[in-house]
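Undergrad: I would like to see how this sequence folds:
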Amino acid sequence: MNRTAIVIGAGFGGLALAIRLQSAGVDTTLVEARDRPGGCAAMWERDGFTFDAGPTAITDPASLAELWRLSGHDMAEDVTLLPVTPPFYRLNWPDGVQFDATGGGGALRAQIAKLSPSDVAGYERFLDYADDVYEDAWRRLGSESFPDFGSMVRAAPLLLRHQAWRSVHSIVSSYVKNERLRQALSWGVLMIGGNPMTASGVSSLIHKLEKQGGVWFAQGGAHRLVQGMATHFERLGGVLRLGDKVARIEVHGDRAVAVCTVSGWRGEAEAVASNADLVHSYRDLLGHHPRGPKMADRIARRRWSPGMFALHFGIKGNWPGIPHHMMLFGSRYEAWLKDIFDYGILPQDAALYLQHATVTDPSLAPEGHSTFSIMAPVPHMGKLPIDWNRVAPVYADRILDEIQHRLIPDIRSRIVTQFHRTPTDHARDLSAHHGSAFSLEPRLTQNAWFRPHNQDDVLPNLYLVGAGTHPGAGVPGVVAGAKMTAALMLKDLA
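TA: Numbers count the residues shown, from 1 in each chain. Modelled structure (predicted):
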């Protein structure tokens, strides 16, 4: 009899896991509450414009291509990845200073020399550090699960070697002295829910991933990538149930035996994996079993990553001078981060992450028009329990003021369509605890063994995948985590 598995949630992690299981001959059913796959990688079509909820960039395309190669296929059958033309990111400060982050080589060194000539040599040393971290912390530890504390002890020498107890900003600061260059080399961890001042220094490998693999964008939007993954999963014989929310994971003794949905469907399986929010998985789907409430309470008391306020708008005109990605810093950095992560304050001087997708893929807007999406990290709902229905329009207007001042002076007269998404929307649509955009905050005491394990410690045939488990958030992280979880499941199902 064929082996069977059920995966809950068709986000990047759930899809990657389901593809790996199905490729290995496990009859896999993927159950998704929404009417299309994607999870956080949702999409909206408004007035002829197409907008992605995220992610905005693909930085490790090889890990995605591997999902097709497992069965002798080519990712190009279903997905076209477009290179983001350098600069990969343009960093901009209120006084007009800019820094273009490219993939390396002479262009990047010229940017560093322009910003801070005395830091060029220090940047070279930082690159050596990032290369070492990539080899040790990503290629080795990033592909291993941490089932017990002994596995953490065995990893300790590598973590100590790379000073993992220090923050990303602290590590960067030991190599370069210019504060803006420090921001340029540390801010990326924000896009996986981390605070540059507290996230472990090993997260510096983000810079290496971008430099080595480039930055890419899926033609048609990130949702086309998840749709391609879903198409490939079904090609392999997998079953995708859309629009059917899971109500509970049925448990007998210490075994998960079935998944039940609100429609009344019940599917039995030898193994169950959840790509859903951690607290939701334990509190709601396992609320009838002692393991559920106990684990949900333990996880809920941990530090959660911020929420995200997203403003999407389509406008008249083309803007070839605005790159695909920009980071518009405010007047503060460390104090702004404290407001978001520690104090639960909605700061006046928001730092804004901008995506101008139509500069890479014009098909996302009508001819002669452009799409823009602005993401602003905000405190999660547990730290800032405000009425977003009241606050959101005011906050969106404040963001437009900043874009008008720094990029597009007549932006309001050009807007064709506009809408926003808040942590409240994220909590409602994805059952995200506190409306967090990236699950648990990535810091040393919440990484590796300290993060919820890829295999549950009490229910041995229940597994986790996605941003909340090891190695963490971001497309490379959840895809690597799916590989890790698949290895555990296939070993147990053998």
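Undergrad: from now on I want contacts and neighbour counts done on CA atoms only, so please keep to that.
TA: Noted.
Undergrad: for the protein, which helix or strand comes out least confident on mean pLDDT?
TA: Counting by mean pLDDT, DSSP states H and E, the weakest-scoring helix or strand in the chain turns out to be helix 149-161, with a mean of 79.
Undergrad: I'd like the next helix or strand past that one.
TA: helix 168-173 (DSSP states H and E).
Undergrad: what mean pLDDT would you report for that following helix?
TA: Helix 168-173 shows a mean pLDDT of 95.
Undergrad: low-confidence ranges, the chain, go.
TA: Applying pLDDT under 70 to the chain flags residues 1, 104-105, 140-142.
Undergrad: before we move on, back to that, now the least confident helix or strand of the chain: buried residues?
TA: 152, 155, 158-159 (16 or more other Cα atoms under 10 Å).
Undergrad: ends of stretch 164-171, what's the gap?
TA: 9 Å (Cα to Cα, to the nearest Å).
Undergrad: what's in contact with that stretch?
TA: Contacts to stretch 164-171, defined as Cα atoms under 8 Å, 6 or more residues apart in numbering, come from residues 159, 182-183, 185-186, 196-204, 444.
Undergrad: check stretch 399-412 too.
TA: Outside stretch 399-412, the residues touching it (Cα under 8 Å, 6+ apart) are 94, 315.
Undergrad: what's the answer for stretch 235-247, then?
TA: By Cα under 8 Å, 6+ apart, stretch 235-247 touches 8, 18-19, 22-23, 27-37, 230, 233-234, 259-263, 284-285.
Undergrad: can you mark which positions in that stretch are buried?
TA: In stretch 235-247, counting by 16+ other Cα under 10 Å, buried: 236-247.
Undergrad: what do you get for stretch 34-43?
TA: 34, 36-43.
Undergrad: now do that stretch: distance from first to last residue.
TA: 12 Å.
Undergrad: same deal with stretch 262-275?
TA: End residues of stretch 262-275 are separated by 18 Å (Cα to Cα).
Undergrad: which residue ranges of the stretch 351-494 of the chain form helices?
TA: Per DSSP state H, counting those that start in this stretch, the stretch 351-494 of the chain carries helices over the ranges 388-406, 411-414, 423-430, 475-493.
Undergrad: which one, of those helices, ends up nearest to residue 126?
TA: helix 475-493 (21.6 Å; Cα to Cα).
Undergrad: show me what the closest one is packed up against.
TA: helix 12-23, helix 61-69, strand 462-464 (3 or more Cα pairs under 8 Å, 6 or more residues apart in numbering; DSSP states H and E).
Undergrad: comparing those, which comes out most buried?
TA: Burial of the helices and strands packed on helix 475-493 is given as mean neighbour count (mean count of other Cα atoms under 10 Å); helix 12-23 ranks first at a mean of 29.
Undergrad: quick one: list the elements packing against it.
TA: strand 4-8, strand 27-31, helix 61-69, helix 222-235, helix 475-493.
Undergrad: any chance of CSV for the ones you listed, columns distance to residue 326?
TA: Listed next are the helices and strands packed on helix 12-23 as CSV, based on distance: least, Cα to Cα, whole Å:
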stretch, distance to residue 326
strand 4-8, 34
strand 27-31, 35
helix 61-69, 21
helix 222-235, 18
helix 475-493, 19
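Undergrad: please parse this protein into its domains.
TA: Domain assignment for the chain by automatic domain parsing gives 4-39+222-302+442-493, 114-211, 306-430.
Undergrad: dump those domains to CSV, plus distance to residue 64.
TA: Listed next are the domains of the chain as CSV, based on distance: least, Cα to Cα, whole Å:
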stretch, distance to residue 64
domain 4-39+222-302+442-493, 7
domain 114-211, 14
domain 306-430, 20
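Undergrad: out of those, which is closest to residue 78?
TA: domain 4-39+222-302+442-493 (4.9 Å).
Undergrad: what's the span of the closest one from first residue to last?
TA: Domain 4-39+222-302+442-493: ends 9 Å apart by Cα to Cα.
Undergrad: just give me the neighbour total for residue 148.
TA: Number of residues near residue 148 (other Cα atoms under 10 Å) recorded here: 12.
Undergrad: would you map the helices across the stretch 151-300 of the chain?
TA: 168-173, 179-186, 205-213, 222-235, 278-279, 291-300.
Undergrad: does anything pack onto the third one? Which helices or strands?
TA: Right, helix 205-213. Identification of packing neighbours for helix 205-213 by 3+ Cα pairs under 8 Å, 6+ apart yields helix 120-133.
Undergrad: packing partners of the helix it packs on?
TA: Going by 3+ Cα pairs under 8 Å, 6+ apart, helix 120-133 lies up against helix 105-115, helix 205-213.
Undergrad: highest mean neighbour count out of those helices?
TA: Of those, helix 205-213 is the most buried (mean count of other Cα under 10 Å), at a mean of 19.
Undergrad: just the CA trace of it, in PDB.
TA: This file holds the C-alpha atoms of helix 205-213, laid out as PDB (Å, rounded to 0.1, in the frame of the first residue of the first chain):
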ATOM      1  CA  LEU A 205      24.400  35.400   5.000                       C
ATOM      2  CA  ILE A 206      21.500  37.200   3.400                       C
ATOM      3  CA  HIS A 207      24.000  39.400   1.700                       C
ATOM      4  CA  LYS A 208      25.900  36.400   0.400                       C
ATOM      5  CA  LEU A 209      22.700  34.800  -1.000                       C
ATOM      6  CA  GLU A 210      21.900  37.900  -3.000                       C
ATOM      7  CA  LYS A 211      25.500  38.300  -4.200                       C
ATOM      8  CA  GLN A 212      25.900  34.700  -5.200                       C
ATOM      9  CA  GLY A 213      22.500  33.900  -6.700                       C
END
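Undergrad: and it with helix 120-133, angle?
TA: Put simply, helix 205-213 runs at 90 degrees to helix 120-133, going by axes from the mean of the first three to the mean of the last three Cα atoms, to 10 degrees.
Undergrad: next, the angle from helix 205-213 to helix 61-69.
TA: 70 degrees.
Undergrad: the strands in the stretch 251-400 of the chain, which residues?
TA: 255-261, 266-268, 271-274, 307-316, 325-328, 352-355, 369-378 (DSSP state E, counting those that start in this stretch).
Undergrad: nearest to residue 486, of those strands?
TA: strand 271-274 (9.5 Å).
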